[in-house]
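S.K.: Can you look at this prediction? I've put the sequence above it.
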Amino acid sequence: MPDLQGGRMTPLSIPLLLILFTRPGMEERLSQLASFLEATRNALETMRSGMETLQASLKQLAQEAGINQKTTILPAGIPEEPEPTSPEEVPPADGKSPEMQDPGNI
């Protein structure tokens with residue numbers, strides 16, 4: 001029995017091949033399927049290559065910036081939280097400083 005890329009033909013492969021053989025136009029359909037799979041493989045290889053290039057560029061940029069530790073990059077759109085202010089810097093709600101307020105109204 002012939003090998004299919006290093007594997008053995010299963011008992012189901014023979015009836016499947018006979019069914020495919022009896023249908024008209026199957027060679028064309030299988031050719032289209034093979035083309036689709038080849039295009040998908042090429043797209044995945046291109047995407048993997050692009051991601052590897054992006055990673056190498058980011059590593060080089062981090063080394064040039066003098067960052068030798070692992071950093072977390074936040075996704076776009078996540079705002080950074082502002083620095084907390086001390087209670088002395090927060091103005092009172094009525095606009096008067098604590099010294100100007102009437103101690104009887106507190």
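M.R.: Here it is on my side, so go on.

S.K.: what ranges of this structure fall below the confidence cut-off?
M.R.: Within the chain, the stretches with pLDDT under 70 are 1-7, 67-106.

S.K.: Let me see the ranges of the helices in the protein.
M.R.: Here the chain has its helices, by DSSP state H, at 13-22, 26-64.

S.K.: Any chance of those helices in a markdown table with mean neighbour count as columns?
M.R.: Every residue, glycine included, has its C-beta placed from N, CA and C. Formatted as a markdown table, the helices of the chain follow (neighbours: other Cβ atoms under 10 Å):
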| stretch | mean neighbour count |
| --- | --- |
| helix 13-22 | 10 |
| helix 26-64 | 10 |
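
S.K.: Quick check: chain neighbours aside, which residue is closest to Leu30?
M.R.: Of all residues not flanking Leu30 in the chain, Leu20 sits nearest, at 7.5 Å (Cβ to Cβ, 6 or more residues apart in numbering).

S.K.: The one you found against Glu27, yeah?
M.R.: No. Distance between Leu20 and Glu27: 9.0 Å, which falls outside the contact criterion (Cβ atoms under 8 Å).
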